[in-house]
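Asker: Could you look at this predicted model? Sequence included:
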Amino acid sequence: MNPLLKTILYSTLTVCLTIMLIYFPDEALSASLRGLKMWAEVVFPSLLPFFITAELLLSFGVVKFLGVLFEPIMRPVFNVPGAGSFGLMMGMASGYPTGAKIAARLREEKQLTKIEAERLVSFTNNSSPLFIFGAISVGLFHNPALGVLLASCHYLGNIVVGIIMRFYKFREESTISESLHTNTKEPIIITELREMHETRIRDPRPLGEILGDAVFQSIKTLVVVGGFIILSSVVVQLLHLVNISGLVGHLFSAFFY
């Protein structure tokens, strides 16, 4: 798209959003409070412990340990280093946006190349079992047994996406992450422990500072997530009030009926 047209489009959308906020202040406030309540009561308390734990595991070298252990699986199947297994497991356990967050942190730690991080985030940013079984199968469909089917389809779908994405930008890779395996004949458990220890030694911060930084980074990320939740809640409500969502629904209904 032409940069000038893009500027005009962004400016027009922002002006329209501002006008709708002024025209529907009460509805926008109610939608904002709903988004804030969802973030404060569900998202923040459920994700904060996982985010803090992920930061600590990265700092203490446990992810390097997992990288050596799972390199023989992750590299042939998904074409990402073994460290990506951490994002896969944490993403499945805690749901959105933990997988994306961990992929970004692994990229910052230079444990993944840019292309490998793109591959990893494509299949690790998924729903948690609590959301699938609690919110969807029980809360929405009132059928707990349906959760098994939904979870199976969801996670198997992620795995299939990961296998397909292993070929993503395959020919464009210039720097592949170095394999964590060494050519020595030492037992793999020794290699894992050595990698974990060396990673921890390279971080000079004391335990208190590591814990404080983990909490700070986790809260910072969740505040950003909360902002997007509130903004999305307001935008969806405004689109409903001006009947744009209804119009889009009618357009798509032609493809499903």
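Answerer: Right, received. Where do you want to start?
Asker: Break down the protein into its helices, ranges please.
Answerer: Assigned by DSSP state H, the helices in the chain fall at 3-23, 25-38, 44-59, 62-78, 84-94, 98-108, 114-124, 129-130, 146-165, 188-202, 207-241, 244-256.
Asker: The ones you listed: which one's closest to Arg171?
Answerer: helix 114-124 (10.6 Å; Cβ to Cβ). Where you see a C-beta, it was placed from the backbone N, CA and C, and this is true even at glycine.
Asker: Only alpha carbons, please: show stretch 93-101 as CSV.
Answerer: Extracted in CSV, the C-alpha atoms of stretch 93-101 (Å, rounded to 0.1, in the frame of the first residue of the first chain):
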residue,chain,number,x,y,z
ALA,A,93,-0.2,-24.9,30.2
SER,A,94,-1.1,-21.2,30.6
GLY,A,95,-2.6,-20.1,27.3
TYR,A,96,-2.5,-16.8,25.5
PRO,A,97,-0.2,-14.9,25.3
THR,A,98,2.5,-16.9,27.2
GLY,A,99,3.7,-18.7,24.0
ALA,A,100,4.3,-15.4,22.2
LYS,A,101,5.9,-13.9,25.3
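Asker: Centre of the chain to stretch 56-69, how far?
Answerer: 19 Å (Cα atoms, centre = their mean, to the nearest Å).
Asker: Same check on stretch 48-55?
Answerer: Distance, centroid of stretch 48-55 to centroid of chain: 13 Å (Cα atoms, centre = their mean).
Asker: Let me see the residues that make contact with that stretch.
Answerer: Identification of contacts with stretch 48-55 by Cβ atoms under 8 Å, 6 or more residues apart in numbering yields 86, 90, 93-94, 98, 101-102, 105, 213-215, 217-219, 221-222.
Asker: Also stretch 110-121?
Answerer: 63-64, 67, 78-81, 83-84, 87-88, 99-100, 103-104, 106-107, 162, 165-166, 168-169, 172-173, 175-177.
Asker: Of the contacts of stretch 48-55, which is the most crowded?
Answerer: Highest neighbour count within these, by other Cβ atoms under 10 Å: Ile102, with 31 neighbours.
Asker: Roughly how far does it sit from Gly84?
Answerer: Separation of Ile102 from Gly84 (Cβ to Cβ, to the nearest Å) stands at 9 Å.
Asker: I am finished for the moment; much appreciated.
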